[in-house]
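[1] starting from these lines, generate the structure:
(one chain, ligands or ions: 1)
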Amino acid sequence: MYRLYGSRSTASLVVHWMLLELDVPFEIEWLDFDSGAQKSDGYLRLNPNGVVPTLIVEGAPVAETGAILMLLAERHPQAGLAPQPGAPERPAWLQWMVWLANGPMASFRLWFYGEDAPGVDRVALQTRIEGYWDRVDAHLAGRRFMVADALSTVDLQLCMLARWTRNMPRPATDWPHVAAWLKTMRARPALREVHAREGLSDWINA
Ligand SMILES: N[C@@H](CCC(=O)N[C@@H](CS)C(=O)NCC(=O)O)C(=O)O
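    Next up is the predicted model:
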């Protein structure tokens, strides 16, 4: 049984979503950010960064959203959420997963947690974030999914990030190929279910 430490509407949502896609048993411990539960001594022992998500896998904590998604894909290969090692699409999958962690995830963190980097130029940051969608939009032209012709962890993580743009100056739906891809993603029962379970109605039907 997996145990997810999370907070509603945050990065833990994509892990919650993937657990539903995998249809595996799990439990969730919701952390109360308002009381700083993510910085408590007990939680810092699980995740020294004091952030969510953390997933307990066979008794051991695993942190970092991308790493958790990749690990789950590896542990449940029958779900097909990643190309198998040796498959021709595997390098592209690895490349996009690492790009998501280094690029968009890090930049979105700066956007929402300005206190992490006081003095950061928000206009430059906005340009950088919009550049990510330019790149994804060009890649999605003529494709159904980000990697090969199959849903993968790249689509899941990117879709969560697309929701995070809903109040940004340019939401991800401004890009036509991204908007078409999001239409497919929003129809997925597990995505609709995770939104219902986390009490989110602000974007899923937009
Ligand atoms: N690099 C981490 C970042 C995770 C992260 O920033 N999580 C946010 C929620 S989206 C968080 O826990 N924020 C609480 C805090 O920083 O105190 C990952 O990819 O998992």
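[2] state the distance from residue 69 to residue 155.
    Relative to residue 155, residue 69 is positioned 11 Å away (Cβ to Cβ, to the nearest Å). Any C-beta I mention is one placed from the backbone N, CA and C, and that applies to glycine too.
[3] who's more crowded, these two?
    Between residue 69 and residue 155, residue 69 has the larger neighbour count (other Cβ atoms under 10 Å), namely 26 against 22.
[4] remind me what the single longest helix found in the chain packs against, helices and strands.
    Using DSSP state H, we find that the single longest helix of the chain is helix 122-140. Packing partners of helix 122-140 (3 or more Cβ pairs under 8 Å, 6 or more residues apart in numbering; DSSP states H and E): helix 106-112, helix 176-186.
[5] list the contacts for the residue most central in space within the chain?
    Nearest to the geometric centre of the chain sits residue 157, at 3.0 Å (Cα atoms, centre = their mean). By Cβ atoms under 8 Å, 6 or more residues apart in numbering, the contact set of residue 157 is 14, 65-66, 69, 97, 100, 105.
[6] near the ligand too, which of those residues?
    65, 105 (Cβ under 6 Å from any ligand atom).
[7] tell me the one of the contacts of residue 157 nearest the ligand?
    Distance to the ligand across the contacts of residue 157 (Cβ to the nearest ligand atom) is lowest for residue 65, with 3.6 Å.
[8] how close does that closest one get to residue 98?
    12 Å.
[9] looking at these two, which is more packed in?
    Legend: neighbour count by other Cβ under 10 Å for residue 65 and residue 98, higher for residue 65 (25 against 12).
[10] so what's the closest residue to the more buried one other than its chain neighbours up against?
    Counting by Cβ to Cβ, 6 or more residues apart in numbering, residue 65 lies nearest to residue 11, which is 4.9 Å off, once chain neighbours are set aside. Shown in contact with residue 11 (Cβ under 8 Å, 6+ apart): 51-53, 65, 105, 160.
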